[in-house]
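1. let's see this in three dimensions:
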Amino acid sequence: MDAESDAERGAAGGAPSPSPPTLTPTSSSSSSPFPVSSAVEESGWSRVHWLVFASFSIGLVLEGYSFALSSAASTWFQLPVYLRVLSVAWASLWLAAGVMIFGPVTDRIGRRSTFFISMAIFAAAGVLLMVSWNYASALVAIGLLTFAGGAEQNVIMTAMHEYYPRRYRSRAYMVTLDTIELGSIASGIVGFYSFSASPAFSREVAGIVVLAVMALLVLIRLSMPESVRWLEARGREIVAASVAGRFYGVGVAGTVAAAARGSRGPSRRSLAFRFLVSLVLAGANTVTYGLITYTLGPIFYPRLVPWILVVGSSAAFAGGLIGLGADRWSRRRLIVYSYALSLASFLLLYALEPVWTRSPPAFWALLILAEVWPQLAWESADALKSEVWPTRRRGTLVGLNRGAVFLLSIPFLYLGSLLDLQQYMLLNVLWWVAGLAAALAWYRWGVESGMSVSVGVPSGELVRTPAPAPARARAPPPSS
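-> Residues are numbered from 1 along each chain as shown. This next block holds a predicted model:
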């Protein structure tokens, strides 16, 4: 068997590959450098997509679970306030490292292959968490967990736009992303053991959960194909065609004219403009993300930490389900509306600070409000900032963007201990003002990527081609 056949078998998840299907070009007002992927993108939702959805959703549940453990870990030991903040900052640091390091890795070796590296790190971290004996060893375990979580997050957010069909891409992306909150809910439930049992038992349960999820993910991902779009971007067209034929039943590249429906055309905005808008959008959401659930809530109501995780994450999950309509709506409008509502929620938190810091009912009401709209803003902005890059560099640019945001969030966590509460709340409000400004900038100058358009539109890879000029009618030959 030759090397190309071995590559085909590996990309197909170890399954034997048939002869590559023959691709026939079609005429269209739009053309794509990825004819196989364009055909796969037009396929309907199939068993393979359910498999991919399960793989991505469970991976994000585990990532959310791992990050939320950074807050739950503060209940395992008697800690001063600055060490409670350290738990969250530590997790953000390692999450940023995982996101940034594994961006280039997944662009180099593939989406599917990178998953097996992150799963191995998860397994090692789960074992270490079970045997951790003090706060320092628990921090190391959580650092490895969130490092692997960053790798998972990067690859999943990079790959979703490449795996999901065009007609379902936006809603599938946002619902998949929403499952992160299920991991946070699970972490909060595990946190209850810190109050009803020994901290050592709670850590053992947390580690067992990680290992159990890992076993399930391995079974699913062994049957998962490689990204067809990534294969084509790497010049492996024969392998891409083989995977498309075996897993998606696609043998002929269909027209991509419908893929550009609802768009003003492929994105021609510079990468710098896309990066800056994405950075500010992400900064507003990421810097303020842990404000109530992970930062202020544990400080003002330390005995309610598990409840705060469960209630806040449940509210966020409910808000994210609004994204089920994302394939029918304009992405640009959805980003503007969600950021405006998030700003309004944080203005209420700022104005009512003397109330919710002393009244638990007011705290719960504002916690829910401050989770619903930011979750929708986060999902819609994350969909944008992972779809606007070319395929060959998508993982790298997603990693740079998300990693920069996570690193940016760390000093703001500590800034909260230097400013008084009113000043810190005002700073968070200003971040949402900046986010809304970035949303309006994209609405004015960005390209539409919602309403079921192809990922080639925001990435600039779907190329408009002029229709061929009609042939001139020839005059009849003179009669003899």
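
2. where's the closest residue in space to Leu182 that isn't next to it in sequence, which helix or strand?
-> With Cβ to Cβ, 6 or more residues apart in numbering as the measure, Val61 is the residue that lies nearest to Leu182, at 4.9 Å, once sequence neighbours are left out. For every residue, glycine as well, the C-beta is placed using N, CA and C. Element membership for Val61 (DSSP states H and E) is helix 47-72.

3. which helices and strands does that helix pack with?
-> Helix 47-72 sits against helix 81-109, helix 111-131, helix 135-163, helix 169-178, helix 180-191, helix 199-221, helix 305-320, with contacts defined as 3 or more Cβ pairs under 8 Å, 6 or more residues apart in numbering; DSSP states H and E.

4. if we go to 7 Å?
-> Under the contact criterion of 3 or more Cβ pairs under 7 Å, 6 or more residues apart in numbering; DSSP states H and E, helix 47-72 touches helix 81-109, helix 135-163, helix 169-178, helix 180-191, helix 199-221, helix 305-320.

5. could you dump those helices into TSV with mean pLDDT and distance to Ala120 added?
-> Shown next, in TSV, are the helices and strands packed on helix 47-72 (pLDDT from 0 to 100; distance: least, Cβ to Cβ, whole Å):
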stretch	mean pLDDT	distance to Ala120
helix 81-109	82	12
helix 135-163	90	8
helix 169-178	94	23
helix 180-191	73	19
helix 199-221	85	9
helix 305-320	85	27
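
6. now these as TSV including distance to Leu436?
-> TSV is the format used below for the helices and strands packed on helix 47-72 (distance: least, Cβ to Cβ, whole Å):
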stretch	distance to Leu436
helix 81-109	23
helix 135-163	23
helix 169-178	20
helix 180-191	23
helix 199-221	37
helix 305-320	17
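
7. for Leu408, which of the ones you listed is the nearest?
-> Shortest distance between Leu408 and the helices and strands packed on helix 47-72, using Cβ to Cβ, is found for helix 81-109: 9.1 Å.

8. quick one on the thing from earlier: would you check that the residue nearest to Leu182 makes contact with Gly183?
-> Yes - using Cβ atoms under 7 Å, Val61 is in contact with Gly183, at 4.2 Å.

9. quick one: neighbours of Val48, just the number.
-> 18 (other Cβ atoms under 10 Å).

10. ditto for the one 3 residues further on
-> Counted by other Cβ under 10 Å, the residues lying close to Leu51 total 18.

11. so what's it up against?
-> Each residue near Leu51 by Cβ atoms under 7 Å, 6 or more residues apart in numbering is listed here: Ile220, Ser223, Met224.

12. ok, and the most crowded of those residues?
-> Met224 (22 neighbours).

13. quick one: that one is in a helix?
-> No - assigned with DSSP: H, G, I helix; E, B strand; the rest coil, Met224 falls outside any helix and is coil.

14. can you report phi and psi for it?
-> The phi/psi pair for Met224 (degrees, to the nearest 10) reads phi -90, psi 130.
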